[in-house]
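**Student:** build me a structure from this.
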Amino acid sequence: MDERNKDLSVTNLLGLSISKEFIPSVANTIGTDLSNYKIIRKGQFACSVMQVRRDKKMPVALLTDVDEAIISQAYPVFKIIDETQLLPEYLMMWFTRSEFDREACFYAVGGVRGSLEWEDFLNMELPVPSLEKQQQIVEEYKTITKRIALNEQLNQKLEESAQIIFDSSFNSNGFESWEETRLGDLIEIRGGFSYHSGEIDTGNAFLLGMGCISFSNRFIEEGMRFYSNDFPENHLVKSGDIIIATRQQSENMPILGYPAMIPPDLEEKKLIIASNLYRVVNKSNLNNEILYQLFRSSDYIERIRLNTKGTTVGMITKDAIEDYYFKIPPSDIIEKLGSELNDIVNFIFLKRKEIKSLIQMKELILSKMTKVEVEKELA
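**Tutor:** Predicted structure coming up:
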């Protein structure tokens, strides 16, 4: 399909992410002729067949949230020929399977940045059950997806509540008379582990780097496995430890100084932080939940912004963090705050465990899509 925006009637410009979603475009369109952009309508798909082998994924998405939009002319647009035979939502589920991406990579050509030929894409096959069975599978998948989204929204609200409670406690009556404290007198900032690829021995551990930090999740995600017995014990981290990102990779990724925590469900593994992270060693009577909220406070974030080093890649030093001064509440407020934050975080973790179980259920549904008896071409 190749419908162009010739009369400029459509202004909603979308991009296509590698996570198979439409996203608001960040491109600067000032002075750009939008008449040559493609129009995509609700129920239609867009994809990218470029660099599939390099990215190990084929970006493809189904437009569902708006009636129409425009996208780059580089993206092929297509739709289901007969929706009484194949549901768009069912096909989109098929595209989300990791097995689909592996097959797309297999067919991709052109070397390291191999692209997928359009004919090869069209000739890929999938099992197509009855329309009723497709609808059943889609509804089951949607139910789980909605539960995941609700839990994520709840956790976001809980995080916001935790920050509000922290702010009110650290700015309550008596603030002016509180003692000013240097953060470095309460904590120690330690660097991560630096290793060279050819020097790795045998062993079993997980290396945690900046790519493990999520902006939508307080907990650090599981890092890449590597095999080594050759690392200092002081680089090991445990459940509840706070990790801080040392670099800002780009202006669109405000990760510099951002905190994350080691979740309880990773504590049974050897966890080592990489050299692009700092570890916070707590030497005070403040629990780590209070320190975590301190690292998310607007005053601390402004301190990080003003003390960022470098131009292309922003960096923050240990001293810049440790030399942060703030007024600390008396012990009775600290004790009450710590208890309230612990209760909130325990509930956040329970919801996180539920989300992980729901994700496993989604994967199980996707894996069952192969167990049908009829095969048809994609389009």
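
**Student:** list the contacts of stretch 96-107.
**Tutor:** Stretch 96-107 is contacted by residues 20, 52-53, 56-58, 94, 114, 116-117, 120-121, 124, 366-367, 369-370 when judged by Cβ atoms under 8 Å, 6 or more residues apart in numbering. All C-beta atoms are positioned from the backbone trio N, CA, C, and that covers glycine.

**Student:** mind redoing it with 7 Å?
**Tutor:** Residues from elsewhere that reach stretch 96-107 (Cβ atoms under 7 Å, 6 or more residues apart in numbering): 20, 52-53, 56-58, 94, 116, 120, 124, 366.

**Student:** residues contacting residue 287?
**Tutor:** residue 338.

**Student:** again but with residue 165, I slipped
**Tutor:** Counting by Cβ under 7 Å, 6+ apart, residue 165 has contacts 337, 340-341.

**Student:** turn those into CSV, including distance to residue 297, pLDDT and neighbour count.
**Tutor:** Converted to CSV, the contacts of residue 165 look like this (distance: Cβ to Cβ, whole Å; pLDDT from 0 to 100; neighbours: other Cβ atoms under 10 Å):
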residue, distance to residue 297, pLDDT, neighbour count
337, 13, 96, 23
340, 16, 96, 16
341, 13, 95, 22
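
**Student:** which helix or strand contains residue 343?
**Tutor:** According to DSSP states H and E, residue 343 maps onto helix 331-368.

**Student:** state the distance from the residue sitting furthest away from the middle of the chain to residue 15.
**Tutor:** Taking Cα atoms, centre = their mean, the residue of the chain most remote from its mean C-alpha position is residue 177, at 41.4 Å. Between residue 177 and residue 15 the computed distance is 52 Å (Cβ to Cβ, to the nearest Å).

**Student:** cool, residue 36 as well?
**Tutor:** 16 Å.

**Student:** what about the two, which has more around it?
**Tutor:** residue 15 (17 against 12; other Cβ atoms under 10 Å).

**Student:** picking that back up, name the helices or strands packed onto the helix holding residue 343?
**Tutor:** Helices and strands touching helix 331-368, by 3 or more Cβ pairs under 7 Å, 6 or more residues apart in numbering; DSSP states H and E, are helix 131-169, helix 288-296.

**Student:** can you give me the helices for this protein?
**Tutor:** Taking DSSP state H as the criterion, the chain contains helices spanning 52-55, 88-96, 98-107, 118-123, 131-169, 288-296, 298-306, 318-322, 331-368.

**Student:** mean neighbour count, those: which tops it?
**Tutor:** The highest mean neighbour count among these, using mean count of other Cβ atoms under 10 Å, belongs to helix 288-296: a mean of 21.

**Student:** report the rounded mean pLDDT for that helix.
**Tutor:** The pLDDT scores in helix 288-296 average 93.

**Student:** what is that helix packed up against?
**Tutor:** Against helix 288-296 (3+ Cβ pairs under 7 Å, 6+ apart) you get helix 131-169, strand 242-245, strand 259-261, strand 277-282, helix 331-368.

**Student:** JSON lines for those, including distance to residue 89?
**Tutor:** As requested, the helices and strands packed on helix 288-296 are arranged in JSON lines below (distance: least, Cβ to Cβ, whole Å):
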{"stretch": "helix 131-169", "distance to residue 89": "5"}
{"stretch": "strand 242-245", "distance to residue 89": "37"}
{"stretch": "strand 259-261", "distance to residue 89": "34"}
{"stretch": "strand 277-282", "distance to residue 89": "40"}
{"stretch": "helix 331-368", "distance to residue 89": "12"}
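
**Student:** closest to residue 88 out of those?
**Tutor:** helix 131-169 (9.4 Å; Cβ to Cβ).

**Student:** and residue 96, how close does it get to residue 294?
**Tutor:** 39 Å.

**Student:** likewise residue 173?
**Tutor:** 20 Å.

**Student:** in terms of pLDDT, where does the nearest residue to residue 333 once chain neighbours are set aside sit?
**Tutor:** Leaving out its chain neighbours, the residue that sits closest to residue 333 by Cβ to Cβ, 6 or more residues apart in numbering is residue 169, at 5.5 Å. Note on residue 169: pLDDT of 94.

**Student:** how about residue 169, what does it touch?
**Tutor:** Residue 169 neighbours (Cβ under 7 Å, 6+ apart): 329, 333, 337.

**Student:** got the contact list for the first one?
**Tutor:** Put plainly, it is residue 329. With Cβ under 7 Å, 6+ apart, residue 329 has these contacts: 169-170, 178.

**Student:** what separates it from residue 146, distance-wise?
**Tutor:** Residue 329 is 40 Å from residue 146, by Cβ to Cβ.

**Student:** with the last one instead?
**Tutor:** Look at residue 337 and residue 146: by Cβ to Cβ, they are 34 Å apart.

**Student:** contacts for stretch 356-365?
**Tutor:** In contact with stretch 356-365 (Cβ under 7 Å, 6+ apart) are residues 137, 140-141, 144-145, 147-148.

**Student:** looking at those residues, spot the one nearest residue 130.
**Tutor:** residue 137 (10.6 Å).

**Student:** what residues are up against that closest one?
**Tutor:** Residues in contact with residue 137, defined by Cβ under 7 Å, 6+ apart, are 90, 365, 369.
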